[in-house]
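Trainee: Quick one, what's the 3D model for this:
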Amino acid sequence: PPAHSHSDWIGPPDKHSNLRPVIFYVPPEESALERRLREARQEAQASNQRFWARHNRAFRQEKEEFIYSRLKAKGLEMRDESGQKATLNAEEMADFYKDFLSKNLKKHLQYNRDWYKRNFRITFLMGQVALVRACDW
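Mentor: Residues are numbered from 1 along each chain as shown. Got it, this is the predicted structure:
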């Protein structure tokens, strides 16, 4: 972001997590409470980036393996005669999606619990910052 900017900047989607990273604005006279809020937001963003990058990598890998195994069972190759990537029908892919979600249910539940905890903390800190600013006004 340019030096004269006074707000957060949001970047393009990350190629691994598909989340848009945020570059957080640091005010020159940032209070300790404002710093705690910014750091909580940065930590939440980093945690989300890590989770979704790992999740998406596992999803892509398992999807490729699933497609390969199903095509192999049918006696087909990964590419057809014209060089196009072979695909499965929607019903077959639905089996994969269902299995993948079922297999990762605990990870998703833990992620959701952590996400709510982080966001409640951020919301609480935002309330404190707003209250302090209102009192200073």
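
Trainee: In which helix or strand does the residue positioned nearest the centre of the chain reside?
Mentor: Compute the mean C-alpha point of the chain, and by CA atoms, centre = their mean the closest residue is Trp52, 3.8 Å away. Using DSSP states H and E, Trp52 sits in helix 32-73.

Trainee: Whatever helix or strand comes next after that helix vs helix 32-73, what angle?
Mentor: Following helix 32-73 in sequence order, the next helix or strand is helix 90-103 (DSSP H and E). Using axes from the mean of the first three to the mean of the last three CA atoms, to 10 degrees, the inter-axis angle of helix 90-103 relative to helix 32-73 is 130 degrees.

Trainee: and for stretch 55-73, what are the contacting residues?
Mentor: 16-18, 77-78, 86-88, 92, 96, 100, 104, 107 (CB atoms under 8 Å, 6 or more residues apart in numbering). C-betas here are computed from N, CA, C, even on glycine.

Trainee: and the residues you listed, which are buried?
Mentor: Listed as buried from the contacts of stretch 55-73 are 17, 88, 96, 100; burial here means 16 or more other CB atoms under 10 Å.

Trainee: Which pair of the residues you listed spans the longest distance?
Mentor: Ser17 and Leu88 (25.8 Å; CB to CB).

Trainee: related to what we said a few turns ago, distance to Glu64 and pLDDT added to the contacts of stretch 55-73, as CSV?
Mentor: Shown next, in CSV, are those (distance: CB to CB, whole Å; pLDDT from 0 to 100):
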residue, distance to Glu64, pLDDT
His16, 16, 96
Ser17, 19, 96
Asn18, 18, 96
Glu77, 14, 77
Met78, 9, 74
Ala86, 12, 77
Thr87, 12, 82
Leu88, 12, 87
Glu92, 14, 91
Phe96, 10, 95
Phe100, 12, 97
Asn104, 16, 97
Lys107, 20, 97
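
Trainee: Alright, that wraps it up for me.
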